[in-house]
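>>> generate a structure from the sequence data that follows.
(chains A and B)
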Amino acid sequence: MLRPSRSLTRYLPSFPLAQHLLLHCLYRKLLPIMGPYDSGAMTASSSSPGTSPSNFDGLLAGAGYIWRSSDLQKVAQRLECLENVVVTSPSDVSHLAVDGVIHHNPSVEASWVDSLLSELIPLVPGSESCSAAAFSDPHSAGGSSSPCSSLNPAAVIATCTDQSTNQHQHQSQQPLTVVCTDAEEDSGIRLVHALMTCAGLVQRGDLSLAGSLVEEMKALLTRINTGRGIGKVAGHFVDALGRRLYQRVRVSVTGVGFEHEILYHHFYEACPYLKFAHFTANQAILEAFHGHDCVHVIDLSLMQGLQWPPLIQALALRPGGPPLIKITGVGPPSQDGRDSLKEIGLKLADLARSINVRFSFQGIVAFRLEDVKPWMLQVSRNEALAVNSIMQLHRLLWSGSSLDLVLGWIRNFNPNILTIVEQEANHNQSQFSDRFTEALHYYSTLFDSLEACHLQPHKALAEMFVQREISNIVCCEGSARVERHEPLRKWRARLVDAGFRPLNLGSDVFKQASMLLTLFSAEGFSVEEDEGCLTLGWHSRPLIAASAWQAELQGNSQV
Amino acid sequence: MAEEQKKLKFCINDHRDVLVEILKRLDARSLGVAACVCRLWCSITRNDALWEHLCFRHVSPPPSGVRTVVVALGGYKRLYMVCVKPVLSRLAGAKIGSDGRGTGGGGNGGDSDLTRRVWRRHGAQMSLSLLCVDCYERLGGRLGDASASSLMFLCEPVNF
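Just a heads-up that it's a prediction; the model follows:
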């Protein structure tokens, strides 16, 4: 899982190479296979195949670090073992945290790690067999001869059967997973390696070197299968990096417009994330509307309104009969002159009429959410109000005041419930390479889960949808970068600051989400509960989080 | 002789209500087979009421007031064929109550019946929701394909 490696990076010296090595550990799935990494000529450029007899790692040499690849492996192994120990250690190992130490010499690094290991191992009971969680490769379960899975941390196998990290010992063990062809895996790992290095270079401002690295990566890409797995994800990231470096005019992929709606629709159908979002929010809203005769839902991004038919139907069937339903949908102006919001409203009204529900709709046209004024929404006093935001609030984070503005007027309405669904990722960090790393992890997990879908054209278009998010995160800056995802804990802090208190989503919501999952043929999805919020993830890495909120009561509760 | 004559005179097709009661207890595949017997049986099996019984047979208590909604959204037969059948078969296949994937229910034999019934009720509700989305998509719009694309994932083969 991703969390162990994060804990480890906290304790490592603040040195980007250590992170590279961790990735090296994580993505080389099988310790016994040292061969290809050793024997391959470690040149970065494919045009000069035989020019590094000294076995220096060419990619790192380009970045200024002269390390032998064999040394890399030793340190990588030790780091792997260290990671195991840190994860399984019951006691707090924070006393080992080191800050500001820079190691350039691998032998120094190795001995430092060794000293850490020797300190830690007495702390962990039974650590003589610091055995690991061996996860079976999700793709091998699928049966096809798949190339190596993308950067799925859950596929890490780390076995240190005893404290000696002797590689010969490992070779005698049975291999734990099916692995793809050696050359391909080798290229895949080197690609990841190169991506991280390039991100670091971009952050440092070394754009010419970054550019040449991008060319090398494109060459590497021709050698691996870009149809699936790590090749596909890496391909998108390499493209995005290339665009960042070479495009003069940054096309801001802001995620509005007719194309975006189509891609969104296909993303809805290819994988369960949006369905989970809609159904979870609907169930929470349904519970909040209990007993009210006049209800009003404000949708901060209507799209095609796919969320609302089930809510209308559920309200129609509730004991006591349906209330008067009002839906206010916010959307961008449509580019081809049609009034798309009105069309969606008419469709919803059609549906509501066919099941005998009193319904009214109003559409608010706004290019950005901060342009919406509260008076436009026509909220009246004697109705129950729900505000629903599916992956919209993070777009407001580029300026501190925008989010405060929007949360302010939401809070002033004192809604019965505010449902928020956001991507569970940390893509809004100030440092570019941190964002890049996080995005690489997140989107490779997401692409892994998309592999499970076999419906074309939904799958291909869903991937395009995701690829636009990647482009936005990597290429754009400032107000153009709208995909500023933040994890649930940060949203909690922000919402509490803005005067909201969390509502528990409840067991019915959880059951419904689990039910939704059983309908999807892929077995990797999991719903988890996180302090009253629900997250949907792939192989226990949460990818999307749903939560519900209410305005905090104040002394003079005036609306 | 009189008895034999009485026997010969009995024909199930004369007793339509009894026939309906019998056909109500069949499963979907048998209903399909029954529809091929004769015109009367065909018209009876096309009757939505039979499918209503099929959809909510295992749900206890059956949801009330559903009929108008379902009829408006496409009818019970569509509900069954497109939503309920795959939902129930997925539920039957998935180890309900015993897998760790967030079922939240108890695993022992005593609860399993209750769990199964609870799941079927949730399954019925979910089927209704999915049918609603399906109907909404078929209302047509500028996205072009009027086919129920959002339910295609239910047609996927499942590997358990």
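
>>> what average pLDDT does the helix or strand hosting A:Ala210 get?
Taking DSSP states H and E as the criterion, the element that holds A:Ala210 is helix A:207-223. Mean per-residue pLDDT for helix A:207-223: 87.

>>> what helices or strands is it leaning on?
When contacts are defined as 3 or more Cβ pairs under 8 Å, 6 or more residues apart in numbering or on different chains; DSSP states H and E, helix A:207-223 packs onto helix A:58-62, helix A:182-204, helix A:229-246. No exception for glycine: its C-beta is placed from N, CA and C like everyone else's.

>>> rerun at 6 Å
Counting contacts by 3 or more Cβ pairs under 6 Å, 6 or more residues apart in numbering or on different chains; DSSP states H and E, helix A:207-223 packs against helix A:182-204, helix A:229-246.

>>> residue ranges for the strands of the stretch 251-400 of chain A, please.
A:294-299, A:324-331, A:359-365, A:384-390 (DSSP state E, counting those that start in this stretch).

>>> show me what counts as buried in the third one.
When you say that, I think you mean strand A:359-365. Going by neighbour count (16 or more other Cβ atoms under 10 Å in any protein chain shown), the buried part of strand A:359-365 is A:359, A:361-365.

>>> secondary structure element holding A:Asn545?
Let me fix one detail, which is that residue A:545 is Ala and not Asn. Here A:Ala545 is assigned to strand A:541-551, by DSSP H and E.

>>> what's the mean pLDDT across stretch A:233-245?
89.

>>> name the residues that touch that stretch?
Applying Cβ atoms under 6 Å, 6 or more residues apart in numbering or on different chains, the set of residues contacting stretch A:233-245 from outside is A:150, A:191, A:195, A:198, A:207, A:211, A:214, A:217, A:221, A:226, A:443-444, A:447, A:467, A:470-471, A:474-475.

>>> what's the answer for stretch A:347-354, then?
Contact with stretch A:347-354 is made by A:305, A:308-309, A:312, A:359, A:361, B:72, B:136, B:139, as judged by Cβ under 6 Å, 6+ apart.

>>> buried sites along it?
Going by neighbour count (16+ other Cβ under 10 Å), the buried part of stretch A:347-354 is A:347-349, A:351-352, A:354.

>>> please apply the same query to stretch A:322-338.
For stretch A:322-338, by 16+ other Cβ under 10 Å, it's A:322-323, A:325-332, A:334.

>>> equivalent analysis for stretch A:403-416, please.
Using 16+ other Cβ under 10 Å as the burial criterion, the residues of stretch A:403-416 that qualify are A:403, A:406-407, A:410-411, A:413-416.

>>> ok, residues contacting that stretch?
Contacts of stretch A:403-416 (Cβ under 6 Å, 6+ apart): A:288, A:369-370, A:374, A:379, A:384-387, A:396-397, A:498-499, A:551, A:559.

>>> ok so, going back, most neighbours out of the contacts of stretch A:347-354, which is it?
A:Trp308 (29 neighbours; other Cβ atoms under 10 Å in any protein chain shown).

>>> can you put the helices and strands packed on helix A:207-223 in JSON lines and add mean neighbour count and distance to B:Arg57?
Listed next are these as JSON lines, based on neighbours: other Cβ atoms under 10 Å in any protein chain shown; distance: least, Cβ to Cβ, whole Å:
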{"stretch": "helix A:182-204", "mean neighbour count": "22", "distance to B:Arg57": "52"}
{"stretch": "helix A:229-246", "mean neighbour count": "22", "distance to B:Arg57": "45"}
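
>>> show me the one of the ones you listed that comes nearest A:Tyr264.
The closest of those to A:Tyr264 is helix A:229-246. By Cβ to Cβ, the value is 18.0 Å.

>>> just the endpoints, please. Distance across stretch A:489-508?
With Cα to Cα, to the nearest Å as the measure, the first residue of stretch A:489-508 is 23 Å from its last.

>>> same thing with stretch A:496-510?
End-to-end distance for stretch A:496-510: 23 Å, by Cα to Cα.

>>> which positions within that stretch qualify as buried?
A:498-500, A:503, A:505-506, A:509-510.

>>> tell me which of these fall in strands.
Of the buried residues of stretch A:496-510, the ones assigned to strands by DSSP state E are A:500, A:503.

>>> list the contacts of A:Val509.
A:280, A:283-284.

>>> on that earlier part again, pick the one among the buried residues of stretch A:496-510 closest to chain B.
Using Cβ to the nearest Cβ, A:Phe510 is the member of the buried residues of stretch A:496-510 that lies nearest chain B, at 6.2 Å.

>>> ok, that closest one to A:Ile285 distance?
Look at A:Phe510 and A:Ile285: by Cβ to Cβ, to the nearest Å, they are 16 Å apart.

>>> try A:Ser449
Plainly put, A:Ser449 is 26 Å away from A:Ile285 if you go by Cβ to Cβ.

>>> what's the answer for A:Leu393, then?
17 Å.

>>> counting neighbours, what do you get for B:Leu40?
Count around B:Leu40 with other Cβ under 10 Å applied: 12.

>>> how about B:Ile12?
B:Ile12 - counted by other Cβ under 10 Å - has 11 other residues nearby.

>>> now the residue nearest to it when sequence neighbours are not counted: which helix or strand?
Of all residues beyond its chain neighbours, the one nearest B:Ile12 is B:Leu19 (5.6 Å), with distances taken as Cβ to Cβ, 6 or more residues apart in numbering or on different chains. Using DSSP H and E, B:Leu19 sits within helix B:16-23.

>>> now that helix: mean pLDDT?
Regarding helix B:16-23, the rounded mean pLDDT is 88.

>>> mind listing what's buried along that helix?
B:19, B:23.

>>> and the following helix or strand past it, what does it pack onto?
Later in the chain than helix B:16-23, the nearest helix or strand by DSSP H and E is helix B:28-34. Of the remaining helices and strands, those touching helix B:28-34 by 3+ Cβ pairs under 6 Å, 6+ apart are helix B:39-46.
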